[in-house]
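Chemist: Fold the stuff below for me.
(4 chains)
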Number of protein chains: 2
Amino acid sequence: MQVATAVRISPQSSTANVRPIRPVLHDVKASCGTCSLRRICMPVEIGDPDAEALFDSLVAHRVRLRKGDVLFRAGDRFAGLYAIRFGSCKTVSTTDDGSEQVSGYHLPGEILGVEGFGIDTHACNAIALEDSEVCVLPLDRIEKLAHEDPAFQRRMYKLLSGAIVRERTVTLMVSTMRAEQRLASFLLDLSNRYQARGYSASEFVLRMTREEIGSHLGLKLETVSRLLSRFDDEGLIDVSGRIIRLLDRLALSQLVATS
Amino acid sequence: MQVATAVRISPQSSTANVRPIRPVLHDVKASCGTCSLRRICMPVEIGDPDAEALFDSLVAHRVRLRKGDVLFRAGDRFAGLYAIRFGSCKTVSTTDDGSEQVSGYHLPGEILGVEGFGIDTHACNAIALEDSEVCVLPLDRIEKLAHEDPAFQRRMYKLLSGAIVRERTVTLMVSTMRAEQRLASFLLDLSNRYQARGYSASEFVLRMTREEIGSHLGLKLETVSRLLSRFDDEGLIDVSGRIIRLLDRLALSQLVATS
DNA sequence: CGCCGTCTTGACGAATCTCAAATAAAGTGG
DNA sequence: CCACTTTATTTGAGATTCGTCAAGACGGCG
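Modeler: Below is the predicted model:
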């Protein structure tokens, strides 16, 4: 049986020349039914007890990741989806002509790997930004469940189309907004997502470097740094390294809205 | 029964305040089996005669669109997917804060509406760029076929995940490439897609205005115009209004590849 | 304590946008 | 089919935003 293997990459090597160091597998009995993130992760439309029973067969096991570990790599055989249980991951997309970009910043309850669904290989790299744990949802179980339960089937479609819409929003943001608007938008989005997960909406820790944030927003690290400093000066936020406190959400929203 | 109605919008009104003028419905008996675009549009992995029979039930009818007609609008109830039979469409995404972008330029054989799949409403507007005809694939037929035929199910997943990957590529292009690279990339992509459909790879007509192209690439119309002129001066392409002839693909490719 | 990766800040330059005006093309009604 | 209106395109000059290069500060870790 093909299992997901998480490999750790040494900090200096970015993507090329990585060797598997430590396959980390945890075989915790996992159940979505008792998971606190279920609302966010896999909400079934109706509280159907049958569906709930089906759900418990979805997660095969969990994988522990340490900061920098690679969950999957572009070109890897698509074996299933991954749900973040705690921690955070980034996904990095690469083009044939060498350019590279942080395409996503993923929080607990979010599903990774959707871009490989239906294709046989993953199209990006997923890397842990801190010590994390993910639930492994094997492809065959997903397909079985989808076939048996129309509600779950629809949930899968929703997952995929939602990813399309989110990608478009990112494109739109990157191509129509100025740097300050992109960053404000990024901070507000993070705030909302943390809040939805029960964390503080006004204070959180950025798990990405300035460079990674810049890559995600189509900016250079110096621009990100300068803007964070400026937002701080203007009293919009409070920056202490990677700890961010939002002081004036309204002003941030207005900044995004200004043409 | 809810059917797709194509409405025509007057040129001056862009998106807001549009009224249905002329619901155009054609009830041509349609079959994928005999369609010349099948390879591109709905390729089934194996030439399975059973699958082919199923396929013929997929298209309910076809709709004729005139230039400027709206196929569906953001917020419209999602009733199914649309396959372009001839002609071309653009999709326009809007954010709540008012910014708007041409998110796609769609050619014959391409499927529209995937971003609404699994959600109950469409998330963007689809507008005909010229007189066109699209096949209507109603949701219930898609779901039925997907449930009965695993190969078709996989095809659907592939369609959705492919859209995710394509969106990411666009984001990456917009956020990492310079204007000239984006435009060169756009022209080469169009050329490839026309070729795949049996049209000339070296000469084609742009169905979008400079402004729409700019919107799609995250550029202003003046920049698009200037660059087209420059490519023409440099002998890379020949521009006559919206007719484009690619003269030096290699140079265009190299332009895209240069860091 | 010193190294290394990360972050901050400044000065300068290049890419792209904005504004403006002229020209070309397309659509409209007689 | 033509004159007229509207829209689309081209091109220039100047302004602006953001990237580039560079130097130093900060902070975690061995």
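
Chemist: which residues of the stretch 51-200 of chain A score low on pLDDT?
Modeler: Residues of the stretch 51-200 of chain A that meet the criterion pLDDT under 70 lie in A:51-55.

Chemist: residue ranges of the helices in chain A, please?
Modeler: For chain A, the helices defined by DSSP state H cover A:38-41, A:49-55, A:139-148, A:150-176, A:179-196, A:210-217, A:221-233, A:249-257.

Chemist: which stretch among those comes nearest B:Ala196?
Modeler: Distance to B:Ala196, taken as CB to CB, is lowest for helix A:150-176 among the helices of chain A, at 21.8 Å. C-beta here means a position set from N, CA and C on the backbone, and glycine is covered the same way.

Chemist: Throw the helices of chain A into TSV and include mean neighbour count and distance to DNA strand D, thanks.
Modeler: Shown next, in TSV, are the helices of chain A (neighbours: other CB atoms under 10 Å in any protein chain shown; distance: least, CB to the nearest atom of the strand, whole Å):
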stretch	mean neighbour count	distance to DNA strand D
helix A:38-41	16	30
helix A:49-55	14	38
helix A:139-148	16	36
helix A:150-176	21	10
helix A:179-196	19	3
helix A:210-217	22	7
helix A:221-233	16	3
helix A:249-257	16	12
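
Chemist: could I get those helices as JSON lines with distance to B:Asn192?
Modeler: As requested, the helices of chain A are arranged in JSON lines below (distance: least, CB to CB, whole Å):
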{"stretch": "helix A:38-41", "distance to B:Asn192": "38"}
{"stretch": "helix A:49-55", "distance to B:Asn192": "43"}
{"stretch": "helix A:139-148", "distance to B:Asn192": "30"}
{"stretch": "helix A:150-176", "distance to B:Asn192": "20"}
{"stretch": "helix A:179-196", "distance to B:Asn192": "30"}
{"stretch": "helix A:210-217", "distance to B:Asn192": "27"}
{"stretch": "helix A:221-233", "distance to B:Asn192": "34"}
{"stretch": "helix A:249-257", "distance to B:Asn192": "36"}
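
Chemist: Indicate which one of those helices is closest to A:Leu81.
Modeler: helix A:139-148 (6.7 Å).

Chemist: Using a markdown table, please lay out the helices of chain A together with distance to DNA strand C.
Modeler: Shown next, in a markdown table, are the helices of chain A (distance: least, CB to the nearest atom of the strand, whole Å):
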| stretch | distance to DNA strand C |
| --- | --- |
| helix A:38-41 | 27 |
| helix A:49-55 | 38 |
| helix A:139-148 | 34 |
| helix A:150-176 | 8 |
| helix A:179-196 | 11 |
| helix A:210-217 | 4 |
| helix A:221-233 | 3 |
| helix A:249-257 | 15 |
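
Chemist: Next, work out how far apart the spatially most central residue of chain A and A:Met173 are.
Modeler: Against the mean C-alpha coordinate of chain A, by CA atoms, centre = their mean, the closest residue is A:His106 at 1.7 Å. Look at A:His106 and A:Met173: by CB to CB, to the nearest Å, they are 17 Å apart.

Chemist: ditto for A:Glu115
Modeler: Taking CB to CB, one finds A:Glu115 at 19 Å from A:Met173.

Chemist: got it, and A:Phe117?
Modeler: Separation of A:Phe117 from A:Met173 (CB to CB) stands at 24 Å.

Chemist: got it, and A:Tyr194?
Modeler: For A:Tyr194, the distance to A:Met173 - CB to CB - is 19 Å.

Chemist: ditto for A:Gly118
Modeler: From A:Gly118 to A:Met173 the distance is 26 Å (CB to CB).

Chemist: go on, A:His216?
Modeler: 10 Å.

Chemist: A:Leu236 too?
Modeler: Taken as CB to CB, the span from A:Leu236 to A:Met173 is 18 Å.

Chemist: do A:Glu203 as well
Modeler: 23 Å.

Chemist: Please apply the same query to A:Leu145.
Modeler: Counting by CB to CB, the gap from A:Leu145 to A:Met173 is 34 Å.

Chemist: Tell me how many other residues crowd the closest residue to A:Leu65 other than its chain neighbours.
Modeler: Nearest residue to A:Leu65, sequence neighbours excluded (CB to CB, 6 or more residues apart in numbering or on different chains): A:Ala128, at 3.9 Å. A total of 26 residues lie near A:Ala128 under the criterion other CB atoms under 10 Å in any protein chain shown.

Chemist: pretty sure A:Ala128 is touching A:Arg85, no?
Modeler: No - if you go by CB atoms under 8 Å, A:Ala128 and A:Arg85 don't touch, sitting 11.9 Å apart.

Chemist: quick one, what contacts the closest residue to A:Ser253 other than its chain neighbours?
Modeler: Using CB to CB, 6+ apart and skipping the chain neighbours, the partner closest in space to A:Ser253 is A:Leu188 (6.5 Å). Neighbouring residues of A:Leu188 by CB atoms under 8 Å, 6 or more residues apart in numbering or on different chains: A:246, A:249, A:252-253, A:256.

Chemist: Also A:Ser229?
Modeler: By CB under 8 Å, 6+ apart, the neighbours of A:Ser229 are A:Val239.

Chemist: per-residue pLDDT, it?
Modeler: For A:Ser229, the pLDDT comes out at 97.

Chemist: got it, and A:Gln12?
Modeler: pLDDT, A:Gln12: 38.

Chemist: And for A:Ile243?
Modeler: The model's pLDDT for A:Ile243 equals 96.

Chemist: number of nearby residues for the closest residue to it other than its chain neighbours?
Modeler: Ranked by CB to CB, 6+ apart and with sequence neighbours excluded, the top spatial neighbour of A:Ile243 is A:Val205, at 5.5 Å. The number of residues packed near A:Val205 is 13, by other CB under 10 Å.

Chemist: Check the gap between A:Val205 and A:Ile244 for me.
Modeler: 7 Å.

Chemist: Repeat that for A:Leu206.
Modeler: Counting by CB to CB, the gap from A:Leu206 to A:Ile244 is 6 Å.

Chemist: same deal with A:Val170?
Modeler: Distance of A:Val170 to A:Ile244, computed by CB to CB: 20 Å.

Chemist: What's the per-residue pLDDT of the residue lying closest to A:Lys220 once chain neighbours are set aside here?
Modeler: Spatially, and ignoring its direct neighbours in sequence, A:Lys220 is nearest to A:Gly214 (5.4 Å; CB to CB, 6+ apart). A:Gly214 carries a pLDDT value of 98.

Chemist: got it, and A:Gly47?
Modeler: 57.

Chemist: for A:Gly235, same thing?
Modeler: The model's pLDDT for A:Gly235 equals 96.

Chemist: same question, A:Ser36
Modeler: Taking A:Ser36 on its own, its pLDDT is 80.

Chemist: Count the neighbours of it for me.
Modeler: With other CB under 10 Å as criterion, A:Ser36 counts 12.

Chemist: One more: A:Gly116?
Modeler: So A:Gly116, with other CB under 10 Å, has 26 neighbours.

Chemist: I figured it was touching B:Ser161, is that so?
Modeler: Yes - using CB under 8 Å, A:Gly116 makes contact with B:Ser161 at a distance of 6.5 Å.

Chemist: which neighbours do those two share?
Modeler: Contacts common to A:Gly116 and B:Ser161, judged by CB under 8 Å, 6+ apart, are A:Ala123.

Chemist: returning to what we had before: list just the nearest of the contacts of A:Leu188 to B:Pro150.
Modeler: Out of the contacts of A:Leu188, the member with the shortest distance to B:Pro150 (by CB to CB) is A:Val256, at 44.1 Å.

Chemist: quick one: that closest one from A:Gly104, how far?
Modeler: Distance, A:Val256 to A:Gly104, by CB to CB: 20 Å.
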